[in-house]
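1. Need coordinates for the below:
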Amino acid sequence: MTVVPVALGARSYEVRIEAGLLASAGDTLAPLANGRPMPVVTDTNLAPHLATLQASLTAAGIASEAIVLPPGEGSKSWQTLEELTDRLLALGIERSDHVIALGGGVIGDLVGFATAILKRGCNFVQIPTTLLAQVDSSVGGKTAINTRAGKNLIGAFHQPGVVLIDPQVLDTLPARELRAGYAEVVKYGLIDDPDFFDWCDANAPALLAGDPAARQYAIAHSVAAKARIVAEDERETSGRRALLNLGHTFGHALEAETGFSSKLLHGEAVAAGMALAFGFSAAQGICAREDAERVSHHLQNIGLPDGLNGAEVRADGDTLVAHMRHDKKMEGGTLPFLLARGIGETYLDRSVSLSEVAAFLDTERAAA
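-> Here you go, the predicted model:
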């Protein structure tokens, strides 16, 4: 087992990574249960994994009741949040109890936010079942729901008690979902680790094909990278944690334009957004064109969108920038952007002109 600590003082916790961990989760969670039931929140796509988890909990003497929600971004809503909190209250949840989030980023975000506000804060456990959730959203304590104004605009920082990652659950993940999650893996190389980008360039096909060693290494390396950054800047106040948003400002605008739907998955939007961030950096003379092209080619080669054309977004620059103006990082009329001086050299730029971004997007649209 690989154990990655997330060092946050009194809010510190461990991320445990091991093939087959889901089947033994009960033994790990028994000390947290403390003789109390542990509700499991999941979605309708995860019935086999739910059965495995509940069998493990039962074997460890932990009672559990499943709350099964519809899959997809639509569940990150006020309505579903209300339904979930009402259900948890009906189950008699106490502040010291732990609720298990078994699923991808949607379930993790929703359960994290629900437990952050339930009785002014109770506990939860992350058991991520998608690659994207395993390497990104399950670690770091960001929880949220979506609104009509944009993605993740209502939320809270709320750290889990523990994160349990079983790479074997990825064997049942659709290929498209796996590729989308991979975008958040290669992101860590693009941020500040060019050697890891080189590893990704060489090993992405094996990872996506199911190679156990490649998956274990990629997950552990990504989690360690995120844990390090989160420990330095838990609430994104110094600018350090903002580096984790590489590709997200562009990507969230693309998601908004496509209605936060299955037309463009979050990881696909992030991939397109990272390519656009490097492309914009190159257009501004900040980054070598060769580096931007290498990023684009890498994403293309593994079947991820590398810009507006790949994401099948036809909106003009002004429309996409209008979406960006709803970004929660907007401050004083200025939106900070993650740009790059090269692969592994991402930095936060607070002086980007949105009119220049719109013009760049129009150029990209015309080229498509």
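
2. List the buried residues of stretch 268-280.
-> Buried residues in stretch 268-280, counted by 16 or more other C-beta atoms under 10 Å: 268-280. Yep, even glycine has a C-beta here, placed from its N, CA and C like the rest.

3. ok now that stretch, how far from the chain's centre?
-> Distance of stretch 268-280 from its chain centroid, counting by C-alpha atoms, centre = their mean, to the nearest Å, is 16 Å.

4. Then stretch 150-158?
-> 13 Å.

5. one step back: relative to His98, which of the buried residues of stretch 268-280 is nearest.
-> Proximity of the buried residues of stretch 268-280 to His98 was ranked by C-beta to C-beta; the top entry is Val270 with 29.6 Å.

6. Could you save the buried residues of stretch 268-280 as a markdown table and add columns showing pLDDT and secondary structure?
-> As requested, the buried residues of stretch 268-280 are exported to a markdown table (pLDDT from 0 to 100; DSSP: H, G, I helix; E, B strand; the rest coil):
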| residue | pLDDT | secondary structure |
| --- | --- | --- |
| Glu268 | 98 | helix |
| Ala269 | 97 | helix |
| Val270 | 97 | helix |
| Ala271 | 98 | helix |
| Ala272 | 98 | helix |
| Gly273 | 98 | helix |
| Met274 | 98 | helix |
| Ala275 | 98 | helix |
| Leu276 | 98 | helix |
| Ala277 | 98 | helix |
| Phe278 | 98 | helix |
| Gly279 | 98 | helix |
| Phe280 | 98 | helix |
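
7. Out of the residues you listed, which is nearest to Tyr182?
-> Of all the buried residues of stretch 268-280, Tyr182 sits closest to Ala271, with 8.3 Å by C-beta to C-beta.

8. I'd say the closest one and Leu304 touch.
-> Yes - assessed by C-beta atoms under 8 Å, Ala271 is found in contact with Leu304 at 3.9 Å.

9. okay, and the common contacts of those two?
-> Residues touching both Ala271 and Leu304 (C-beta atoms under 8 Å, 6 or more residues apart in numbering): Ala180, Ala183, Gly310.

10. got a winner among the residues you listed for most neighbours?
-> Neighbour count (other C-beta atoms under 10 Å) singles out Ala183 as the most crowded of those, with 30 neighbours.

11. That one in helix, strand or coil?
-> Of the three states, Ala183 takes helix under DSSP: H, G, I helix; E, B strand; the rest coil.

12. quick one: pLDDT of it?
-> Note on Ala183: pLDDT of 98.

13. Over to Ala19?
-> With respect to pLDDT, Ala19 scores 97.

14. Test my guess that it contacts Asp166.
-> Yes - between Ala19 and Asp166 there is a contact under C-beta under 8 Å: 6.5 Å.

15. more crowded one of the two?
-> Counted by other C-beta under 10 Å, Ala19 and Asp166 do not tie: Asp166 has more neighbours, with 24 against 17.

16. picking that back up, take the buried residues of stretch 268-280 and write them to TSV, including distance to Gly333.
-> Output for the buried residues of stretch 268-280, formatted as TSV (distance: C-beta to C-beta, whole Å):
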residue	distance to Gly333
Glu268	30
Ala269	25
Val270	25
Ala271	29
Ala272	26
Gly273	22
Met274	25
Ala275	27
Leu276	22
Ala277	21
Phe278	25
Gly279	25
Phe280	19
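
17. can you tell me which of those lies nearest to Ala51?
-> For the buried residues of stretch 268-280, the closest approach to Ala51 (C-beta to C-beta) belongs to Glu268, at 29.8 Å.

18. wait, the closest one sits on Ala180?
-> Yes - counting by C-beta under 8 Å, Glu268 touches Ala180, with 5.1 Å between them.

19. Find residues that contact each of the two.
-> Taking C-beta under 8 Å, 6+ apart as the contact rule, Glu268 and Ala180 both touch Leu304.

20. how about the helices in the stretch 201-350 of the chain?
-> Here the stretch 201-350 of the chain has its helices, by DSSP state H, counting those that start in this stretch, at 212-232, 248-257, 266-283, 289-301, 308-311, 317-324.

21. can you list the weak-confidence ranges in this protein?
-> For the chain, the stretches flagged by pLDDT under 70 are 368.

22. And the strands in it?
-> For the chain, strands defined by DSSP state E occupy the ranges 2-6, 13-17, 40-43, 66-69, 98-103, 123-128, 142-147, 150-157, 163-165, 337-340, 346-349.

23. Can you get me a residue count around Ile191?
-> 26.

24. Apologies, that question was intended for Met1.
-> For Met1, the neighbour count with other C-beta under 10 Å is 11.

25. Any idea what Leu338 is bridged to?
-> With DSSP bridges as the criterion, Leu338 is bridged to Leu348.

26. coming back round to it: dump the shared contacts of Ala271 and Leu304 into JSON lines; add distance to Thr130 as well.
-> Shown next, in JSON lines, are these (distance: C-beta to C-beta, whole Å):
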{"residue": "Ala180", "distance to Thr130": "8"}
{"residue": "Ala183", "distance to Thr130": "12"}
{"residue": "Gly310", "distance to Thr130": "21"}
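
27. who's in contact with the most centrally placed residue in the chain?
-> Nearest to the mean C-alpha position of the chain, by C-alpha atoms, centre = their mean, lies Ser137 at 3.4 Å. Counting by C-beta under 8 Å, 6+ apart, Ser137 touches Gly104, Gly105, Gly108, Asp109, Pro128.

28. same question, Val15
-> Each residue near Val15 by C-beta under 8 Å, 6+ apart is listed here: Val3, Val4, Pro5, Val6, Ser138, Val139, Val162, Val163, Ile165, Val223, Ala227.
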